[in-house]
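# fold the stuff below for me.
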Amino acid sequence: MGSDTSRLGFYLLLAPILLWLIVLIILPHIGLFIVSISEKVGPREFETGFGNYATFFGEPLYWRTFARTAIMSILATALTLILGFPIAYYIAKLTRGRTKTTLFLMCMIPFWVSELVRTFGWMILLRETGVISTALQNLGLISGPVELLYNDAAIMVGLVYTSILFMVVPLVTTLDSLDNSLIEAGYDLGGTSTSIMREIVIPHAMPGIVSGGIVVFMLSLGNYLTPILLGGKDSLWFTGMIYTQFITRFNWELGSALGFLLLALSSGIVFLGLKLSRQSLSDTMGRA
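The predicted structure follows:
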């Protein structure tokens with residue numbers, strides 16, 4: 001009787017998760033795939049085929065934008081790690097008590113507002129009449145207004161800024177579990193800061209690095225708002241092309257195919273990253 005009750009309780013707890021997965025993830029993806037292999041041959045007439053995928057590979061603009069989006073997302077992830085790791089290490093290992101809480105809270109404050117508001121904030125800073133351009137003119141460093149928006153650098157700044165918290169949080173959690181005595185033992189045995197970082201800190205932080213990298217890469221790859229606003233309408237971001245097919249051209253078949261290709265790209269790069277880092281997804285998410 002007790003075993004049946006516990007089993008029933010387990011199924012009741014599992015039911016909302018399964019319902020969420022099936023209704024909001026599995027079924028929509030199945031529907032999207034069915035649409036992606038539908039080729040329009042006439043008004044409300046469709047045939048099953050892979051013509052939409054062939055259109056992607058046959059049009060250089062599509063696959064070049066596809067590759068550009070992947071490369072810039074990987075670069076944004078690397079920059080986020082480079083900036084986020086020192087912040088996380090300082091919070092986790094070099095601060096205590098109220099200072100630690102305050103610094104962690106300061107990292108989270110910008111994320112209390114929506115991504116749209118934060119992106120508009122960067123537009124105010126980077127535009128031709130914005131804060132940075134005006135400050136440079138007042139300091140005499142430039143002779144006239146300079147437009148810092150609508151380029152790849154602006155997109156990269158926005159991507160890193162909007163996702164850095166998702167790198168810092170798992171790194172702080174992982175580094176916080178590192179016993180300080182291990183670092184002290186490394187110094188006692190004659191290790192340098194570089195060797196201790198390489199041999200002790202980074203291997204211990206690898207689950208946090210991988211989990212943070214996965215989240216940041218996914219957010220960057222699937223980001224629509226930041227590349228369009230900071231890079232302009234000609235920013236050539238793959239999610240912008242998907243939006244154009246669905247909303248502007250009403251070509252849901254090609255838009256669905258492009259969406260599935262983006263899903264395949266993100267899954268493939270995450271799998272490759274896990275293999276290169278010799279981490280498993282379950283262990284990475286469990287320790288981070």
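# right, and residue 171 touches residue 206 too?
No: with contact defined as CB atoms under 8 Å, residue 171 does not count as touching residue 206 (10.4 Å). For every residue, glycine as well, the C-beta is placed using N, CA and C.
# of those two, which one has the most company?
Using other CB atoms under 10 Å, the more surrounded residue of residue 171 and residue 206 is residue 171, with 26 against 18.
# what strand or helix carries that one?
Using DSSP states H and E, residue 171 sits in helix 165-176.
# and after that helix, which helix or strand comes next?
Using DSSP H and E, the helix or strand that follows helix 165-176 in sequence is helix 180-188.
# next structured bit after that next one?
helix 193-196.
# from the chain's centre, how far out does the helix or strand just after that next one sit?
Proceeding N to C from helix 193-196, the next assigned helix or strand is helix 202-221, under DSSP H and E. How far helix 202-221 lies from its chain's middle: 9 Å, per CA atoms, centre = their mean, to the nearest Å.
# angle of helix 202-221 against helix 180-188?
Orientation of helix 202-221 against helix 180-188 (axes from the mean of the first three to the mean of the last three CA atoms, to 10 degrees) gives an angle of 120 degrees.
# just checking, what packs against helix 202-221?
helix 60-93, helix 152-163, helix 165-176, helix 252-277, helix 281-287 (3 or more CB pairs under 8 Å, 6 or more residues apart in numbering; DSSP states H and E).
# turn those into a markdown table, columns for distance to residue 231.
Shown next, in a markdown table, are the helices and strands packed on helix 202-221 (distance: least, CB to CB, whole Å):
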| stretch | distance to residue 231 |
| --- | --- |
| helix 60-93 | 10 |
| helix 152-163 | 4 |
| helix 165-176 | 21 |
| helix 252-277 | 17 |
| helix 281-287 | 31 |
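# out of the ones you listed, which gets nearest to residue 138?
helix 152-163 (21.5 Å; CB to CB).
# which secondary structure elements does that closest one contact?
Using 3+ CB pairs under 8 Å, 6+ apart: helix 152-163 touches helix 60-93, helix 115-126, helix 202-221, helix 225-231.
# show me what the mean pLDDT comes to for the helix holding residue 171.
Averaged over helix 165-176, pLDDT sits at 91.
# which of the residues in that helix are buried?
165-175 (16 or more other CB atoms under 10 Å).
# same question for stretch 65-73.
So stretch 65-73, judged by 16+ other CB under 10 Å, has buried residues 65-66, 69-70, 72-73.
# quick check: next helix or strand after the helix or strand harbouring residue 12?
Using DSSP H and E, residue 12 sits in helix 2-21. Next in sequence after helix 2-21, counting helices and strands by DSSP H and E, comes helix 27-36.
# chain center to that next one, what's the gap?
Relative to its parent chain, helix 27-36 has a centroid offset of 23 Å by CA atoms, centre = their mean.
# which other helices and strands contact it?
Counting contacts by 3+ CB pairs under 8 Å, 6+ apart, helix 27-36 packs against helix 252-277.
# so which of the helices and strands packed on helix 202-221 is nearest residue 31?
Ranking these by proximity to residue 31 (CB to CB) places helix 252-277 first, at 8.7 Å.
# same for the closest one, what does it pack against?
Using 3+ CB pairs under 8 Å, 6+ apart: helix 252-277 touches helix 27-36, strand 38-42, helix 51-58, helix 60-93, helix 202-221, helix 238-243.
# follow-up on the earlier one: need the buried residues of helix 165-176 in TSV (columns: distance to residue 137).
Output for these, formatted as TSV (distance: CB to CB, whole Å):
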residue	distance to residue 137
165	33
166	36
167	34
168	34
169	38
170	41
171	38
172	39
173	44
174	44
175	42
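# circling back: rank the helices and strands packed on helix 252-277 by pLDDT, which is bottom?
For those, mean pLDDT drops lowest on strand 38-42, to a mean of 80.
# buried sites along that one?
Neighbour-count burial for strand 38-42, counted by 16+ other CB under 10 Å, picks out 38-39.
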